[in-house]
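Novice: fold the following for me, if possible:
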Amino acid sequence: YDMYAMTAAHKSLPIPTYVEVTNLSNGKKIIVRVNDRGPFHDGRIIDLSYAAAAKLGTLKNGTSSVEIKAINPSTFTASSLDTPPIAKTSDFALRYSIEKPSKSPSNKGFLFIQVGAFKSLDNATKLKHKLTSALNTPVTVRPSSDFSNPIYVVQIGPYVRIKSADSARLKLYELGYKNTIYVSK
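Specialist: The predicted model follows:
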């Protein structure tokens with residue numbers, strides 16, 4: 001378990017499974033990798049890492065209505081995220097409540113691969129230059145306002161199809177970047 005990775009725990013989904021989580025109060029969406037079992041509290045169906053909860057904008061309020069949907073990597077496209085939710089009502093780690101939405105939101109966004117997150121802009125920029133020379137794809141550094149102190153995230157993309165993102169992620173793995181995560185925007 002890494003509190004700064006985009007991960008989650010679920011009682012029954014296969015490990016690994018990618019799940020899209022949408023915060024219904026602010027419209028933010030993230031994709032997390034289910035890599036653990038849990039939660040082990042009555043009425044809860046998913047636990048999110050600190051980073052995932054921060055990206056959703058749920059740390060400040062403590063509770064939020066969200067929708068979760070499992071993503072099938074073999075058929076994923078950014079526009080295919082309009083699938084029925086796998087969760088109806090419950091809550092997840094840090095006491096976030098999950099409620100069934102009135103309608104499924106659509107995602108017209110893209111998929112990015114996050115390679116790193118740094119407190120130092122200088123370190124993030126160094127990684128960007130290293131990746132730019134090793135890969136033939138856009139690499140960006142952007143500040144994340146989800147934490148109390150600035151964090152600079154290094155992301156590759158955008159990708160419309162998960163197959164393309166998976167190929168890039170495999171290349172990153174071969175280059176030694178083994179802890180990458182998917183982020184949807």
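
Novice: what's the neighbour count on Asn26?
Specialist: 12 (other Cβ atoms under 10 Å). C-beta coordinates here come from the backbone N, C-alpha and C atoms, glycine included.

Novice: tell me how many other residues crowd the closest residue to it other than its chain neighbours.
Specialist: Nearest residue to Asn26, sequence neighbours excluded (Cβ to Cβ, 6 or more residues apart in numbering): Gly57, at 5.1 Å. Counted with other Cβ under 10 Å, the neighbours of Gly57 add up to 17.

Novice: surely Gly57 and Thr22 touch.
Specialist: No. Taking Cβ atoms under 8 Å as the definition, Gly57 is not a contact partner of Thr22, at 11.3 Å.

Novice: may I have the strands that pair with the particular helix or strand that has Tyr18 in it, each with its orientation?
Specialist: Element membership of Tyr18 [criterion: DSSP states H and E] is strand 17-23. Applying DSSP bridges to the sheet, strand 17-23 is found paired with strand 29-36 (antiparallel), strand 66-71 (antiparallel).

Novice: and after the longest one, which helix or strand comes next?
Specialist: Per DSSP H and E, the first helix or strand lying C-terminal to strand 29-36 is strand 44-48.

Novice: so that next one versus strand 29-36, what angle?
Specialist: 100 degrees (axes from the mean of the first three to the mean of the last three Cα atoms, to 10 degrees).

Novice: mind giving me the packing neighbours of the helix or strand just after strand 44-48?
Specialist: Counting by DSSP H and E, the next helix or strand C-terminal to strand 44-48 is helix 50-56. Counting contacts by 3 or more Cβ pairs under 8 Å, 6 or more residues apart in numbering; DSSP states H and E, helix 50-56 packs against strand 17-23, strand 29-36.

Novice: what comes up buried for helix 50-56?
Specialist: Tyr50, Ala51, Ala52, Ala53, Ala54, Lys55, Leu56 (16 or more other Cβ atoms under 10 Å).

Novice: what about that helix, average pLDDT?
Specialist: The average pLDDT within helix 50-56 is 83.

Novice: please save the CA atoms from that helix in PDB.
Specialist: Taking C-alpha atoms only, helix 50-56 is exported to PDB below (Å, rounded to 0.1, in the frame of the first residue of the first chain):
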ATOM      1  CA  TYR A  50      -4.800   9.400   0.300                       C
ATOM      2  CA  ALA A  51      -3.600  10.500  -3.100                       C
ATOM      3  CA  ALA A  52      -6.800   9.200  -4.800                       C
ATOM      4  CA  ALA A  53      -9.100  10.900  -2.200                       C
ATOM      5  CA  ALA A  54      -7.100  14.200  -2.600                       C
ATOM      6  CA  LYS A  55      -7.500  14.100  -6.400                       C
ATOM      7  CA  LEU A  56     -11.200  13.600  -6.000                       C
END
